[in-house]
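Enquirer: show me the folded form of this:
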Amino acid sequence: MNYIKIQQEVLKTNIKAIENKTFGRKWKYGCMDNEIGLIDPLGYYMILIPVDKFYLDLKIFDMTPVKIKPMFDVDTTPATKTNVFRMSNDGKTTLVEFKISDDAMVYVDAKLLKQFDSCNTFRGRDGHSPIFCYEDDKLCGMILPFYLK
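Expert: Sure, this is the predicted structure:
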């Protein structure tokens with residue numbers, strides 16, 4: 001996981017939000033054990049960064065803290081990333097399918113999945129839960145599912 005690149009994106013987005021006075025479009029954060037969780041401005045995904053690799057001063061940007069520990073306190077099962085790609089109903093978003101069980105599948109935005117390109121294991125709970133991303137058995141984030149109508 002490229003922690004520097006992610007933090008550069010946070011800086012860029014939050015500076016732009018302050019300059020344009022669009023205060024609602026800033027990243028949020030939460031602390032869990034020895035990690036900082038960064039939640040993208042739209043709330044679609046969260047990336048966990050170890051404290052020793054986190055270089056931002058959260059006070060400078062007045063980032064909103066959120067409780068993230070309960071988000072990860074769920075029982076999950078392995079999720080298999082299939083080779084099935086699908087377009088959203090409006091035809092604007094490429095979706096990747098994850099199979100959680102014989103009758104449970106979840107679709108996530110392929111662009112969001114690129115944030116977790118180094119992750120080699122995925123887990124989920126059911127057809128409505130987020131996909132949890134792991135790199136060498138270490139949780140590194142989650143992506144919310146994309147619901148099809």
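Enquirer: what ranges do the helices span in this structure?
Expert: 3-19, 69-72, 110-113 (DSSP state H).
Enquirer: now for the longest one, which elements pack on it?
Expert: Which is helix 3-19. Packing partners of helix 3-19 (3 or more CB pairs under 8 Å, 6 or more residues apart in numbering; DSSP states H and E): strand 45-50. From N, CA and C alone the C-beta is placed, and that goes for glycine too.
Enquirer: helices or strands up against the strand ranked longest in the chain?
Expert: If you go by DSSP state E, the chain has its longest strand at strand 77-87. In terms of contacts (3+ CB pairs under 8 Å, 6+ apart), strand 77-87 is packed against strand 94-101, strand 121-124.
Enquirer: which residues sit against the helix or strand of the chain with the lowest mean pLDDT?
Expert: Least confident helix or strand, the chain: strand 64-65 with a mean of 76, by mean pLDDT, DSSP states H and E. In this structure, residues lying in contact with strand 64-65 by CB atoms under 8 Å, 6 or more residues apart in numbering are 26, 28-31, 58.
Enquirer: neighbouring strands - and their directions - for that strand?
Expert: In the sheet, strand 64-65 lines up against strand 28-32 (parallel) (DSSP bridges).
Enquirer: CA atoms only for the partner strand, dumped as PDB, please.
Expert: This file holds the C-alpha atoms of strand 28-32, laid out as PDB (Å, rounded to 0.1, in the frame of the first residue of the first chain):
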ATOM      1  CA  LYS A  28     -12.600  12.200   7.800                       C
ATOM      2  CA  TYR A  29     -10.500  10.100  10.100                       C
ATOM      3  CA  GLY A  30     -10.700   7.700  13.000                       C
ATOM      4  CA  CYS A  31      -8.200   6.000  15.300                       C
ATOM      5  CA  MET A  32      -8.100   2.200  15.900                       C
END
